[in-house]
Structures are given as structure tokens and as C-alpha cells.
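**Student:** sequence and computational prediction follow.
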Amino acid sequence: RAEDTEILTENGWRTHKDVKVGDVVAAWDHSTGAVLLEKVEHVTVAPYSGDMVRLNNDNTDQLLTPNHRVYGRSCVKVQAGGIRTSFYREKWSVRQAGDINGWQPIKLPLAGYHDGPGIGGTDYAELLGWVWTEGGFDINGTGVRVYQSSVNQDKVDMIDRCLTVNGISAKHYTRDRVYQGRSYTEHCWFFTGESALRVRASLPGKHPTWELLWGMTLDEKRALLDSAMLGDGSGTAFYQKDDADREWFQALLHCVGMQGRDNPKKFVVSTHDNAETELQSRHLASRSEPYDGVVWCVSVPSKAFLARRNGKVFITGNSGFPKSHDVSKGIDKTLGVTERPIVGEKLGADRLRNQTKDGKRDGNGKWGDEVGRDPYLRKSVTDEAQQWHGWGTGLKPSYEPVVLA
């Protein structure tokens, strides 16, 4: 849905108004789990009126057209020796959103692993995490400062060691302070010179950049993540008032096989140590949602990319080809025909016949209005519709007529 869905580009999150062919976005390779920077091959922005497929739980919130490609791992149930077991398939497979049923659990990818060329090692990346969350820049001059309290003596030792292994001879100041009747020692490390200039270039204005994110190796990303969590994190929450910094941190999580949910009202990103989420039947029961507006999607060589909706990041596939609209059926409907007589059954009709809107098998043959396909072959009713029987609006993408005048 165009109104509230963004995709991750090399320069941050962008809407359909800001993405064009040739732009570089964060793609995903389903065979390796790697996050890759790839150029957009095609951008689709189009009006849409009809049912959308909603894939929603605590970890993801996707609203997709029925023909949109979704990567997933299905749950398989087997019975042997009187014992029933279930397991998820190891490999990701792709299907159209409208073909996801409501009774079979499915796992969806939310994160991958990006490995950049490197910025100088994990020790330097760790230092950037400390400076970002616990440091400051001199307004006048080139100085860089890092602060810590003796209450967290383990962190004092970590920062001291980090500066040493990076070859930085920082001045170390201490002063005794009292907070709410409790005495403690404030530690401050101060350094200038080439090391300070390098840090300030990596964190301009004391903010991480997208260039930094894509430049770091996977291990460097993890090192910066660890020190940043020690600085501004608590358990599974990362606190940051700057919206752009929180968005950057959330993207960082989804590039190291984790996930993060941004809560702008509380200035926090909650962290979760898994790269996928599970949708159970209770999540899929009401997956059809009417929509009238604009939809959009991009196409990339790897066939999938990172997107975000309502503060939740997920991996989604390129759009599928639009399903053909039966011209004769449309004419009958326009002329007031609400039910066309059945003349046969389609291939796989038994499976389709047992699907209902809530995704459960009821065995009564009722189709209802679920996103999917009618299991029956039907006859055109009106004379006008019979003239167009067999015609549809879906042309193959390879058919591109050109008129030269």
C-alpha cells in the first residue's frame, strides 16, 4: 500500500514518490539470507480497488495485493507410527499472497545479513558505538569525549580498553559527584588529532550515516551494535530521541539477522534476536481487507527487498504479474448478473471448494468472498458477455505493442 509502506534504500527509508529506476535499494537473496545493494529494475505505482491480503502479528504488518510474491517456509505435518509431528521446510519458497491459506502456519523472513567492505576493524566499530551513545564533540575544535560512571565499572574498563587497542592516547579525567545521595566517580576520556578527525568523519554531527551502515562488515556491524546497546540500551530496548538515529539503528538490526520495532512515542527500538516470524492460523483468519487507493512495488534482480510498514520491517518479494480480469464476467456483472451457472470444475477444485474467508475447512462447498479463485467453470449469461467469452485483460509482459505514426 503506497500510503504507508516504505523500502530501504542506500540512503534510508523512501516512499514511492522518492524511488525510481536505477536507485540502489537493500535487496535480499533467499538462498543465502544475504542483504545486497541492488539497482531497481522497475517501479510499479498503480491504482487498486479490491481486497488486499494482510499478514499481521506482533512482528510484521504487511498489506499486499493478491498477486504480490511472498517468501515463506511452510509448516508440514506428518504422521508415522501413530505419532503426529510437524516441522518447517528448510528452504524458502515463493507464492502469491492470495494463495496463502488460513490454516497452515507459515514463517516469513524479516531480516538478513549484510557484509560491507569494512571501515577498519571491529575495534574501531566498537569505538564508534561508544562515542555515538556516550560521547560528545567539542563545539570549538576537534576534540572527542566519552563519558561513563563508576557505577558501571565494567563499562569503564571496556571503554579504556577500546581506546587503547585503537591506539588512542586519550586524556582520562575523573571527578567525584553525588546523585540522590549516592556518591560516584564520573570518568571522561578526551582525545584530539587524527583519531578524533576520523571519528567525527564517521559520525558527522554525532549521528551514524547510511554510508557507515553499508560500509561496515557484518562483524563490524555487530561490534558497533554491542557497544551502542551497552551505552543507550537496557535489556532488549534501545533508547534514542533522534528519529533518524532510531531508523538507522532499526535498519542495522535487520542487517545482522535481528529485528527491531520502532516506537516513536517512547523513543525506543525494541530488539529481537531472530530473523523471521511465524504466522499461525489465528493470525491468518482475517487476512482479507478491502482497499481503494494506490499500491506500489519495485523489482530487483534478487527478487526480494526490505520494506517497512507501521514501524515494522519485513522482507517482501517483487510484484507478480497482475491476474487477468475475465471480460465476459465483468460485462455480466455490469448488466446485473450476480450468479453465473456452473458448467464444470477447475483443476484443484476440491482444495479451492473447501476454502472459506476465515481460512478454515468446512466441507460444505461454500466459496464466500475470500481472496482466491472460484473453483467452478461458469457460463456467460448475457448476449454481450457471450461475445467476449474467453477474453481477459491480462497480457503477458513480453507482449508490448508499438504504434508508430
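**Tutor:** Received it, and whenever you're ready, just let me know what you need.
**Student:** skipping adjacent residues, who's closest to Thr382 in space?
**Tutor:** Excluding the flanking residues, the one nearest Thr382 by C-beta to C-beta, 6 or more residues apart in numbering is Leu335, at 5.1 Å. In short, each C-beta sits where N, CA and C put it, glycine included.
**Student:** residues touching the one you found, list them.
**Tutor:** Each residue near Leu335 by C-beta atoms under 8 Å, 6 or more residues apart in numbering is listed here: 382, 384-385.
**Student:** flag the shaky bits of this structure, pLDDT-wise.
**Tutor:** Applying pLDDT under 70 to the chain flags residues 319-325, 346-374, 393-400.
**Student:** again, only this time at 90
**Tutor:** By pLDDT under 90, the low-scoring segments of the chain are 1-3, 74-90, 98-105, 139-141, 178-182, 280-289, 318-381, 383-402.
**Student:** what about the longest strand in it?
**Tutor:** Once the chain is assigned using DSSP state E, the strand that runs over the most residues is strand 42-56.
**Student:** tell me the helix or strand right after that one.
**Tutor:** Following strand 42-56 in sequence order, the next helix or strand is strand 61-64 (DSSP states H and E).
**Student:** and that following strand, how far out from the chain's middle?
**Tutor:** From the chain centre to the centre of strand 61-64 is a distance of 10 Å (C-alpha atoms, centre = their mean, to the nearest Å).
**Student:** one more: stretch 181-199?
**Tutor:** For stretch 181-199, the distance from its own C-alpha centre to the chain's C-alpha centre is 37 Å (C-alpha atoms, centre = their mean).
**Student:** related to what we said a few turns ago, what residues of the longest strand of the chain count as buried?
**Tutor:** The neighbour-count check on strand 42-56 (16 or more other C-beta atoms under 10 Å) flags 48, 51-56 as buried.
**Student:** same check on stretch 269-287?
**Tutor:** The neighbour-count check on stretch 269-287 (16+ other C-beta under 10 Å) flags 269-272, 275-277, 279, 283-284, 287 as buried.
**Student:** mind listing the helices for the stretch 1-150 of the chain?
**Tutor:** Under the criterion DSSP state H, counting those that start in this stretch, helices of the stretch 1-150 of the chain are mapped to 122-134.
**Student:** so where do the strands sit in it?
**Tutor:** 5-9, 12-14, 24-28, 35-39, 42-56, 61-64, 69-80, 83-88, 93-96, 106-109, 135-137, 144-149 (DSSP state E, counting those that start in this stretch).
**Student:** only the buried residues of the helix or strand where Asp160 lies, if you could.
**Tutor:** Assigned by DSSP H and E, Asp160 belongs to helix 153-165. Applying a neighbour-count criterion of 16+ other C-beta under 10 Å, one finds 155-156, 158-159, 162-163 buried in helix 153-165.
**Student:** excluding its backbone neighbours, what's nearest Ser169?
**Tutor:** Once flanking residues are discounted, Ser169 sits nearest to Phe191: 7.1 Å by C-beta to C-beta, 6+ apart.
**Student:** that neighbour against Gly167, yeah?
**Tutor:** No. Counting by C-beta atoms under 8 Å, Phe191 does not reach Gly167; the two are 10.5 Å apart.
**Student:** closest one to Cys297 among the strands of the stretch 1-150 of the chain?
**Tutor:** strand 42-56 (4.9 Å; C-beta to C-beta).
**Student:** what about Ser299, distance to Pro109?
**Tutor:** As defined by C-beta to C-beta, to the nearest Å, Ser299 lies at a distance of 18 Å from Pro109.
**Student:** and those two? which has more neighbours close in?
**Tutor:** Pro109 (23 against 15; other C-beta atoms under 10 Å).
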